[in-house]
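Novice: Predicted structure and sequence below. I'll ask about it afterward.
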Amino acid sequence: MGAEESRPKLRKGKSLREQVYRKLKEHILNGVLEANKRLIEEKIASQLGTSRTPVREAIQKLEKEGLIYKLPKGGFAVRSITDEDIDEVFGIRSILEGYAGYLATFKITEEELRDLEEIVKKGEEYVEKNDMDALVKLNTEFHDKLYRASKSKLLYSMINDLRDFIYRFRIIIFRHRTLAEVSLRDHKDMIELMKSKNAKKVESLIKKHILRGKKLIKKKIKEELIKG
């Protein structure tokens, strides 16, 4: 973590263990902690202003979640995103989220549609301001509201289980303005198709949207590896 991330304020009244876990997880998902670079407990503890114990516990929890792995010679590092991860996550997403969009087309309310339109409008404003951090959060909100509109708790829960992986991928996509603009256009088209109750086209567009994202992410990761 750089100097700007050092010594974040941990809130009083909240479990220190939980706060350290959430802060480390946030840094992993946002790319602040580099993949495959050894995590030094003493350094992290010092930066967070805490002891090594909650840091060690957080690392163990994050290992179980698949975000961190154990190094052969001891210690831990952040897991990099592999081609296999991308293929698996996006394959599952395309099926689950496509079906959620299909169901949502029949069950979404006028108010929910207006909420989605407002999110897209705000997204366009963030693109103009080049505020990509805000755009990532807004994009997550769009998808969350869309899949809640399916009114299927089980399906929403299954999609939500992939949230951390999906968030890491969105960070990569929304670093690039052109990719963000393409994503927003897709979102606009989804809304229009839902208004016309064309559930099959909504499902097809969502699958196309997700699989296009997969190709773009693979391309960007390769480009960054070459640069690195």
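Specialist: Received it, and whenever you're ready, just let me know what you need. Numbering: from 1, shown residues only.
Novice: Can you give me the buried ones in the helix or strand bottoming out on mean pLDDT in the chain?
Specialist: In the chain, no helix or strand scores lower on mean pLDDT, DSSP states H and E than helix 163-173, which sits at a mean of 78. Neighbour-count burial for helix 163-173 flags 165, 166, 167, 168, 169, 170, 171, 172, 173 (criterion: 16 or more other C-beta atoms under 10 Å). Using the backbone N, CA and C atoms, a C-beta is placed for each residue, glycine as well.
Novice: which residues touch the second one?
Specialist: Which is residue 166. Contact analysis of residue 166 by C-beta atoms under 8 Å, 6 or more residues apart in numbering lists 89, 93, 140, 143.
Novice: Leaving out the residues flanking it, which one is nearest to the residue nearest to the spatial centre of the chain?
Specialist: Nearest to the mean C-alpha position of the chain, by C-alpha atoms, centre = their mean, lies residue 167 at 0.7 Å. Nearest residue to residue 167 in three dimensions, chain neighbours excluded: residue 29, at 5.1 Å (C-beta to C-beta, 6 or more residues apart in numbering).
Novice: Tell me the pLDDT of the one you found.
Specialist: You'll see residue 29 listed with a pLDDT of 83.
Novice: rewinding a little: quick one: the least confident helix or strand of the chain to chain centroid distance?
Specialist: 3 Å (C-alpha atoms, centre = their mean, to the nearest Å).
Novice: repeat for stretch 193-202
Specialist: Relative to its chain's centre, stretch 193-202 lies at 25 Å (C-alpha atoms, centre = their mean).
Novice: mind checking the end-to-end distance for it?
Specialist: End-to-end distance of stretch 193-202: 6 Å, with C-alpha to C-alpha, to the nearest Å as the criterion.
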